[in-house]
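[1] All I have is the shape, not the residue letters:
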């Protein structure tokens, strides 16, 4: 087992990464303010991993309230959130009862937001079971639900007490979801670590084939980069915006097609290819570097083209991005592979050209 | 104008108290991250005070998005909250756009919670227009909505950038609402300041008659006590729970009768009389001290008896209080007038007796 730390003063917490961790209740139990937890999961993950986690906690005298929600991004909304509150109240969960989010990014975001606002905040743990959640959404304390007019529009920063990443859970992950997670892994190389990107180019096939050693390395490196950026800028007033590379386009794709049509990681993948092409179009990176971005995205089995929504619709959707300031859309662009920055100086013609050449029928 | 400070390190902020402050946009405008605000108010307050505030802000070049909600505690829920989000998104409010809550406690709690979670947190201001909001709910950063199973169950701590209390707004406040605010004023004397309580006994009639000098003094002293307690314990891990004097019973009354039947301050008033009688029953205070509590509550035109819900229903409702720990209800009791403390050592028989003798047909 590896242990990384998200260094946030009194809100610091460990990320545990290893095989068989679901059964290691000692990673959670000693941190509980009371011997009761609510485990929030979904109908896909529950049959696979709820029982072992529950058994391990109960063996340590912790009583477990399971809350199972429908699976999928379409359920990341008020209605599902209220189901969590109903269950917490019906089961007399207190503000010192801890919540455990067991699942992928949707469960982590949704259950984490519930934990942030239930009785004005209860302690919680992340137990991510998808690659995307393990490398990205479970680390850093961002929680949210979607609004029909925009992705992750309603949410909170609420750091967990620990992140427990059991690598064994990746064995049951559908291939499409695995690839979606690889998108975020590629992102870390692109924005921050050229050497890691080089390694990914050599090893992307091993990730797709789920070689445990390669996956462990990719997850550890991704978490280390994310932990470093979050420690520098917990509430996204600067640096942390770089983690949104590919996401300005990506969120527009998700909202434009309707949540759940493309996976978040798929939309981000296409968004990264677009952002690389935009960076090339603006003379920031060379043609061969943009090509390397598209090549690795394709090698992971991910889309490199955007669905056809029309330029105006893209502009409208991106105009609602949380990074918008003073009405100006802000893009994360590449200065080179391994170095990203934020710019609000993107001419409309450049966007039109990049989107025009990139849109395909969805 | 008086200025008090809520001392919370980098989250410190001023409370301005005085006449004519709605027109003093210089108390708000220089603190705005961008020259745009959303003003959230209700259908009762809007016709009275929206125009002067809007005019003053616009005169300083600030564009104003008004969001008017239906009035009343029954609307402090998800549906109304979502109306705020819809309006913010439709009007392209960004996470740096500020929100201004113009109204009583319901508007402050609801709009403040919207500000806490819209795009994971936007800056906001409190402009309280009821006595209750001016002395209590607008100070300290607590925001929330109700859940059918419990009052203020879903919420966040989110400190405003400033509180602007215009004493002139009390001129239009219905008498019943004024009395409800006096309940919280009495609370401060009871939990923290015997001398202030003595002053209140002498001056409660002047408050009911809206004598400006008496009101100003009561508001300033109440805000000073609240600011002091919040500075000691922002997130209610200790001291701050004392502010809940009368509220364990009060929240049960509100939820039990259905939100909006009794005003919050009315329920708290009866709750304080009950808590005083419970303190006497437990041998903590003398009979004449409990009688003084009932007498001042009655002198303000507030109820001293609880509505008849039955002991079991009271226990069930109070069992969902946010102060419950390990299944035990925690009560705020009086050691003497001017000194409160938290206890989870209240025998069921004492509760039964106090509730039994206190319940009246609602």
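    Looks like it arrived, so ask away. No experiment lies behind these values; they were computed from the predicted model shown.
[2] hey, what's residue A:14 bridged with?
    When assigned by DSSP bridges, residue A:14 has beta-bridge partners residue A:5.
[3] Could I get the contacting residues of residue A:94?
    Contacts for residue A:94 (CB atoms under 8 Å, 6 or more residues apart in numbering or on different chains) come out as A:34, A:119, A:122, B:322, B:324-326. Quick note: C-beta positions are derived from backbone N, CA and C, even for glycine.
[4] before we move on, what about residue A:111?
    Counting by CB under 8 Å, 6+ apart, residue A:111 touches A:40, A:84, A:99, A:101, A:103, A:124.
[5] now do 6 Å
    A:40, A:101 (CB atoms under 6 Å, 6 or more residues apart in numbering or on different chains).
[6] In the stretch 251-362 of chain A, what residue lies closest to chain B?
    residue A:322 (4.8 Å; CB to the nearest CB).
[7] out of the contacts of residue A:94, which are inside strands?
    The strands, defined by DSSP state E, take in nothing from those.
[8] can those go into a markdown table with extra columns for neighbour count and distance to residue A:77?
    Below are the contacts of residue A:94 laid out as a markdown table (neighbours: other CB atoms under 10 Å in any protein chain shown; distance: CB to CB, whole Å):
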| residue | neighbour count | distance to residue A:77 |
| --- | --- | --- |
| A:34 | 16 | 30 |
| A:119 | 26 | 21 |
| A:122 | 21 | 21 |
| B:322 | 23 | 25 |
| B:324 | 19 | 29 |
| B:325 | 16 | 32 |
| B:326 | 13 | 33 |
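[9] any chance of those residues in JSON lines, with distance to residue B:189 and pLDDT too?
    As requested, the contacts of residue A:94 are exported to JSON lines (distance: CB to CB, whole Å; pLDDT from 0 to 100):
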{"residue": "A:34", "distance to residue B:189": "35", "pLDDT": "95"}
{"residue": "A:119", "distance to residue B:189": "28", "pLDDT": "97"}
{"residue": "A:122", "distance to residue B:189": "33", "pLDDT": "98"}
{"residue": "B:322", "distance to residue B:189": "24", "pLDDT": "87"}
{"residue": "B:324", "distance to residue B:189": "27", "pLDDT": "87"}
{"residue": "B:325", "distance to residue B:189": "27", "pLDDT": "87"}
{"residue": "B:326", "distance to residue B:189": "32", "pLDDT": "87"}
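[10] Would you convert those residues into TSV that also reports distance to residue A:108?
    TSV is the format used below for these (distance: CB to CB, whole Å):
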residue	distance to residue A:108
A:34	22
A:119	20
A:122	15
B:322	25
B:324	27
B:325	27
B:326	28
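[11] In helices, which of these appear?
    In helices, defined here by DSSP state H, there are no members of these.
[12] Please identify which of these is nearest to residue B:184.
    Closest approach to residue B:184 among the contacts of residue A:94 (CB to CB): residue B:322, at 17.8 Å.
[13] Ramachandran angles for the closest residue to the residue of the stretch 251-362 of chain A closest to chain B other than its chain neighbours?
    Once flanking residues are discounted, residue A:322 sits nearest to residue B:119: 4.8 Å by CB to CB, 6 or more residues apart in numbering or on different chains. Backbone geometry at residue B:119, expressed as degrees, to the nearest 10, gives phi 50, psi 40.
[14] Please, where are all the strands along chain A?
    Counting by DSSP E, chain A has strands at residues A:2-6, A:13-18, A:36-42, A:63-69, A:98-103, A:124-128, A:142-147, A:150-157, A:162-166, A:306-307, A:331-336, A:339-343, A:359-360.
[15] Geometric centre of chain A: which residue is closest?
    Chain A has residue A:137 as the residue nearest its centroid, 2.9 Å off, counting by CA atoms, centre = their mean.
[16] Quick check: residues of the stretch 1-150 of chain A near chain B?
    Residues of the stretch 1-150 of chain A lying near chain B by CB under 6 Å from any CB of the partner chain: A:78, A:85, A:89, A:94-95, A:117, A:119-120, A:147, A:149.
[17] Of the residues you listed, which one scores lowest on pLDDT?
    When these are compared on pLDDT, residue A:149 comes out lowest, with 84.
[18] how many other residues sit next to that residue?
    Neighbour count of residue A:149, defined by other CB atoms under 10 Å in any protein chain shown: 14.
[19] Go ahead and confirm it touches residue B:90.
    No. Between residue A:149 and residue B:90 there is no contact under CB atoms under 6 Å: 7.5 Å.
[20] hang on, the earlier thing: any of the residues of the stretch 1-150 of chain A next to chain B buried? List them.
    Buried members of the residues of the stretch 1-150 of chain A next to chain B, counted by 16 or more other CB atoms under 10 Å in any protein chain shown: A:78, A:85, A:89, A:94-95, A:117, A:119-120, A:147.
[21] and the residue of chain A most remote from its centre, how far is that from chain B?
    The outermost residue of chain A, judged against the average C-alpha position, is residue A:61 (32.0 Å), by CA atoms, centre = their mean. Residue A:61 sits 14 Å away from chain B when distances are taken as CB to the nearest CB, to the nearest Å.
[22] Looking at the closest residue to that residue other than its chain neighbours now. What's its pLDDT?
    Distances taken as CB to CB, 6+ apart place residue A:35 nearest to residue A:61, at 5.5 Å, with adjacent residues excluded. Predicted confidence (pLDDT) for residue A:35: 96.
[23] Neighbours of residue A:35, how many?
    Using other CB under 10 Å, residue A:35 is surrounded by 14 other residues.
[24] cool, residue A:312 as well?
    Residue A:312, neighbours per other CB under 10 Å, totals 9.
[25] What of the one 4 residues further on?
    By the other CB under 10 Å criterion, the neighbourhood of residue A:316 contains 14 residues.
[26] correct me, but residue A:338 touches residue A:195?
    No. Under the criterion of CB under 6 Å, residue A:338 makes no contact with residue A:195, lying 7.7 Å away.
[27] higher neighbour count, the two?
    Between residue A:338 and residue A:195, counted using other CB under 10 Å, the more crowded position is residue A:338 (17 against 10).
[28] For that one, give me its contacts.
    By CB under 6 Å, 6+ apart, the residues touching residue A:338 are A:193-194.
[29] Same question for the longest helix anywhere in chain A: list its buried residues.
    For chain A, the longest helix by residue count, based on DSSP H, is helix A:212-232. Judged by neighbour count using 16+ other CB under 10 Å, the buried positions of helix A:212-232 are A:214-227, A:229-231.
[30] what's the answer for stretch A:53-68, then?
    A:53-54, A:56-57, A:62, A:64-68.
[31] Run through chain A and note the low-pLDDT ranges.
    Counting by pLDDT under 70, chain A contains low-confidence ranges at A:358-362.
[32] that older thread, any chance of the strands of chain A in a markdown table, with distance to residue A:206 too?
    Converted to a markdown table, the strands of chain A look like this (distance: least, CB to CB, whole Å):
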| stretch | distance to residue A:206 |
| --- | --- |
| strand A:2-6 | 19 |
| strand A:13-18 | 17 |
| strand A:36-42 | 29 |
| strand A:63-69 | 33 |
| strand A:98-103 | 26 |
| strand A:124-128 | 21 |
| strand A:142-147 | 29 |
| strand A:150-157 | 31 |
| strand A:162-166 | 19 |
| strand A:306-307 | 28 |
| strand A:331-336 | 25 |
| strand A:339-343 | 25 |
| strand A:359-360 | 29 |
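[33] Select, out of these, the one closest to residue A:250.
    Among those, strand A:150-157 sits nearest to residue A:250 (CB to CB), with 8.4 Å.
[34] The closest one versus strand A:142-147: what angle between them?
    Relative orientation of strand A:150-157 and strand A:142-147, computed by axes from the mean of the first three to the mean of the last three CA atoms, to 10 degrees: 140 degrees.
[35] Next, the angle helix A:212-232 makes with strand A:150-157.
    Using the same axes, to 10 degrees: strand A:150-157 against helix A:212-232 is 70 degrees.
[36] Show me the contact partners of strand A:150-157.
    Contacts to strand A:150-157, defined as CB under 6 Å, 6+ apart, come from residues A:113, A:116, A:141, A:143-145, A:147, A:235, A:251, A:254-255, A:320, B:117, B:120.
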